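Novice: Everything below, folded, please.
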Amino acid sequence: MIAPPPVIYLAFLGLGFVLERVLPGAELPGWAQWTGAVVIVAGVVLVISFERAFKRADTDANPYRPSTALATDGPYRFSRNPAYLGMAITYVGITLAADAPWALAMLGPATVVMQYGVILREERYLEGLFGDEYLSYKRTTRRWI
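Specialist: From the prediction side, this is the model:
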């Protein structure tokens with residue numbers, strides 16, 4: 001992977017906040033800030049559930065350590081990338097709560113970097129490590145949602 005996923009999301013979030021200061025932008029509606037708080041909680045809950053799924057599978061969530069098992073329960077029943085989805089949801093919540101439409105717009109480029117710089121590389125690694133087991137899981141479970 002090109003960088004740890006939280007660093008990628010934080011880098012684009014930071015860039016978005018810089019753009020907020022430099023470029024005049026529209027304001028989000030007042031309800032967006034309260035909604036943002038709820039969305040942040042939802043994203044954090046999803047990230048926590050990903051960590052628990054990895055513990056149940058008895059494998060390390062640290063992407064720089066080797067995988068010893070394939071996590072397929074909990075949030076992994078619905079998404080092959082619940083951690084990244086949780087981070088993206090948290091990102092959206094932060095931008096809503098902060099009334100930062102430019103930062104929200106940077107989620108698109110962040111997702112592209114995640115797709116090509118992290119996810120596709122991880123999938124090749126998991127295919128090589130787990131073979132048919134991962135390919136079967138990949139066929140039956142969506143990448144995001």
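Novice: Give the buried residues for the longest helix seen in the chain.
Specialist: When the chain is parsed with DSSP state H, its longest helix is helix 31-56. For helix 31-56, the neighbour count (16 or more other CB atoms under 10 Å) marks Ala32, Thr35, Gly36, Val39, Ile40, Gly43, Leu46, Val47, Ser49, Phe50, Ala53, Phe54 as buried. C-betas here are computed from N, CA, C, even on glycine.
Novice: Stretch 91-111 too?
Specialist: So stretch 91-111, judged by 16+ other CB under 10 Å, has buried residues 91-104, 106-107, 110-111.
Novice: Stretch 122-141 now?
Specialist: For stretch 122-141, burial by neighbour count (16+ other CB under 10 Å) applies to Glu122, Glu123, Leu126, Phe130, Tyr134, Tyr137.
Novice: do the same with stretch 72-88
Specialist: Buried residues in stretch 72-88 (16+ other CB under 10 Å): 72, 74-76, 79-88.
Novice: can you give me how far it is from the chain middle?
Specialist: 8 Å (CA atoms, centre = their mean, to the nearest Å).
Novice: hmm, who's touching that stretch?
Specialist: 5-6, 9, 43-47, 49-53, 56-57, 61, 107, 110-111, 114, 118-119, 123, 137-138, 141-145 (CB atoms under 8 Å, 6 or more residues apart in numbering).
Novice: now the helix or strand hosting Ile94 and helix 31-56, what's the angle there?
Specialist: According to DSSP states H and E, Ile94 maps onto helix 82-97. Orientation check (axes from the mean of the first three to the mean of the last three CA atoms, to 10 degrees): helix 82-97 against helix 31-56 gives 160 degrees.
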